[in-house]
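Colleague: Turn this into a structure:
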Amino acid sequence: MKIAVIGAGAAGLVCARELLRAGHEVTIFEQSATLGGVWVHTPEVESDRLGRAPTRRVFASLYDSLRTNLPRDLMAFRDYSFDSRGGGRDEWPQYPDHTQVLAYLRNFAEHFDIDRWIRFGETVVSLTPADAGGWHIVTSRSGVHNFEGVAVCNGHYSVPRVPRIAHMECFNGALLHSHNYRRPDEFRGRRVAVLGAAASGADLAREIATVAEQVYWFARVAEGHPSLASNVTVCSLPNTFAPNNSIRCADGSLVADLDAVLFCTGYEYTFPFLDPDIVRVTDNWVHPLYLDIMAIEYPSLGFIGLPFMVFPFPLFEMQARWFAQMLSGEVLLPPLTVRQRIFEEHIAGLRQRGVPQHHFHKLAEQQFRYTDYLATQCGAESVPQWFKTLAAEAAENRMQYPGSFRDIPLRSRKPESA
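Modeller: Now for the predicted structure:
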């Protein structure tokens, strides 16, 4: 089949590799001038530091000091290791920085001869079903293209998600999202609020504390969570902005005289080229999808890389393999009514467990079960035990030593034969 891949980041590259392996013809549309997606760093930031402007030019969200919060053996694709046997170097640290991840992806594309299928500087403007089946794609430079299938791999770490907090417009200091953060220098000697408990919130609260007078980290963290630094105060969630550049917390306390507020509050799933009658986004939930991959009523339209709190590259790879083999008929697809029932039962289960809608794509502890299910359908091996053991040790280190876990040697290793 003739398949379009939208995006040349990690998901798009491995999807193209799996499609090519399955015998499909591939064209990759990448809006920027280089491959790598979210792993391409730029010092440039937007004039609207919250990233809410309707027209945007900056798509990268990497800060200068970023290193992965996963060991490189857990980042690698299954058959392309992150050392000298694959796309990395043995001397790289076990938690690579963003330049090393990008180098790995470039080596992956070269090794599997994916580069030649990429059309750079091609933004997909619209994606619509063709009357006779398949899809029409209109791009910014070359017009209309026709394909039998499409894999959407445009990522979800580019459009800032900024929560609505009452009276935010009254704040007179700096407001910015982590998408537009690069280094801590601008916060030297300042009083800074950092909102968000995920990896970027913890990392940036710690980094800004090295230069700031005081950092207030607004995060829902477990009791006994290790302190970040002596000048970091953990606060309950923000309730409203208040006079004197203050934030009133959910517990009633007040944090006053702030100079800046940094939102580490995640990103939006967006598909501006796609009619919402096909697939829509509601409170960051992309639906309706079968197995979080395939548009239920449009089997030739796939989405690779939507789940979060996962080991991204291996998960992208298994999703891509499932989609490629489904298009080839190697993975048998149940009828539409069955797909709809499975989807509805899955969502009902999430709601019953009290999962908020904007977390419907969060896998976390369910990711191994999900990946193994896809692997079973593809005839691939399940997640190996060494991977699970290493993942557990890395997670424990991250909880116990949040400021230094990247520099603690890991006991668990990927076997040389794996």
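
Colleague: so how far is Val355 from the residue found closest to Val383 once you drop the neighbours it is linked to in the chain?
Modeller: The shortest distance from Val383 to any non-neighbouring residue, by CB to CB, 6 or more residues apart in numbering, is to Phe368 (5.0 Å). C-beta: built from backbone N, CA, C; applies to glycine. As judged by CB to CB, to the nearest Å, Phe368 and Val355 stand 18 Å apart.

Colleague: The residue nearest to Val383 belongs to a helix, doesn't it?
Modeller: Yes: the assignment for Phe368 by DSSP: H, G, I helix; E, B strand; the rest coil puts it in a helix.

Colleague: Can you report how many residues neighbour it?
Modeller: Residues lying near Phe368 (other CB atoms under 10 Å) number 17.

Colleague: how much space between it and Gly133?
Modeller: 36 Å.

Colleague: How about Pro96?
Modeller: Taken as CB to CB, the span from Pro96 to Gly133 is 43 Å.

Colleague: Tell me which of those two has more neighbours.
Modeller: Pro96 (23 against 9).

Colleague: show me the contacts for Gln100.
Modeller: Gly88, Arg89, Trp92 (CB atoms under 8 Å, 6 or more residues apart in numbering).

Colleague: Selecting buried members of those in PyMOL, what would you type?
Modeller: Buried residues among those (16 or more other CB atoms under 10 Å), as a PyMOL selection:
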select buried, resi 88+92
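
Colleague: ok, the contacts of Gln100 vs Ala394, which is closest?
Modeller: Nearest to Ala394 among those, counting by CB to CB, is Trp92 at 16.2 Å.

Colleague: if we take the contacts of Gln100, which one ends up nearest to Val281?
Modeller: Gly88 (34.7 Å).

Colleague: How about the closest one, nearest residue that isn't a chain neighbour?
Modeller: Closest to Gly88 by CB to CB, 6+ apart is Phe82, at 4.1 Å.

Colleague: residues touching that neighbour, list them.
Modeller: Phe82 neighbours (CB under 8 Å, 6+ apart): Arg72, Asp73, Met75, Ala76, Gly88, Trp92, Pro96, Tyr104.

Colleague: Which ones among those lie within strands?
Modeller: Judged by DSSP state E, those include no members of strands.

Colleague: pLDDT weak spots in the stretch 101-250 of the chain?
Modeller: 222-227 (pLDDT under 70).

Colleague: wait, what's in contact with the spatially closest residue to Val101 that is not a sequence neighbour?
Modeller: Nearest residue to Val101, sequence neighbours excluded (CB to CB, 6+ apart): Trp39, at 4.9 Å. Trp39 is in contact with Gly9, Ala10, Leu62, His98, Val101, Leu102, Leu105, counting by CB under 8 Å, 6+ apart.

Colleague: Check Trp39 and give its pLDDT.
Modeller: Here the pLDDT value assigned to Trp39 is 97.

Colleague: do the same with Gln367
Modeller: 97.

Colleague: What's the separation between the closest residue to it other than its chain neighbours and Ala11?
Modeller: Leaving aside its chain neighbours, Gln367 sits nearest to Val310 (4.7 Å; criterion: CB to CB, 6+ apart). According to CB to CB, Val310 stands 12 Å off from Ala11.

Colleague: Can you give me the distance of the residue nearest to Ile408 when sequence neighbours are not counted to Asp203?
Modeller: Excluding the flanking residues, the one nearest Ile408 by CB to CB, 6+ apart is Asn397, at 5.4 Å. Relative to Asp203, Asn397 is positioned 15 Å away (CB to CB).

Colleague: neighbour-wise, which of the two wins?
Modeller: Asp203 (22 against 18).

Colleague: Now do the contacts for that one.
Modeller: Here Asp203 is in contact with Leu66, Asn69 (criterion: CB under 8 Å, 6+ apart).

Colleague: ok, now how distant is it from Phe147?
Modeller: Applying CB to CB to Asp203 and Phe147 gives a distance of 40 Å.

Colleague: ditto for Arg280
Modeller: 22 Å.

Colleague: of the two, who's got more company?
Modeller: Using other CB under 10 Å, the more surrounded residue of Arg280 and Phe147 is Phe147, with 21 against 13.

Colleague: How about the more buried one: which residues does it bridge to?
Modeller: Trp135 (DSSP bridges).

Colleague: Please tell me I have it right and it contacts Gly133.
Modeller: No: counting by CB atoms under 8 Å, Phe147 stays clear of Gly133, with 10.5 Å between them.

Colleague: Break this protein into its domains for me.
Modeller: 2-48+55-159+267-388, 168-263 (automatic domain parsing).

Colleague: Quick check: end-to-end length of the first one?
Modeller: By CA to CA, to the nearest Å, the extent of domain 2-48+55-159+267-388 from end to end equals 36 Å.

Colleague: What of stretch 53-63?
Modeller: 20 Å.

Colleague: what does the average pLDDT come to for that stretch?
Modeller: Stretch 53-63 comes out at a mean pLDDT of 83.

Colleague: Need the contact partners of it.
Modeller: 31-32, 38-42, 44-47, 98, 157-159, 178-183, 204, 207, 267.

Colleague: Now, of these, which are buried?
Modeller: Applying 16+ other CB under 10 Å to the contacts of stretch 53-63 flags 31-32, 38-41, 45-46, 98, 157-159, 178-182, 204, 207, 267 as buried.

Colleague: Tell me which of those fall in helices.
Modeller: Those of the buried ones among the contacts of stretch 53-63 mapping onto helices are His98, Leu204, Glu207, per DSSP state H.
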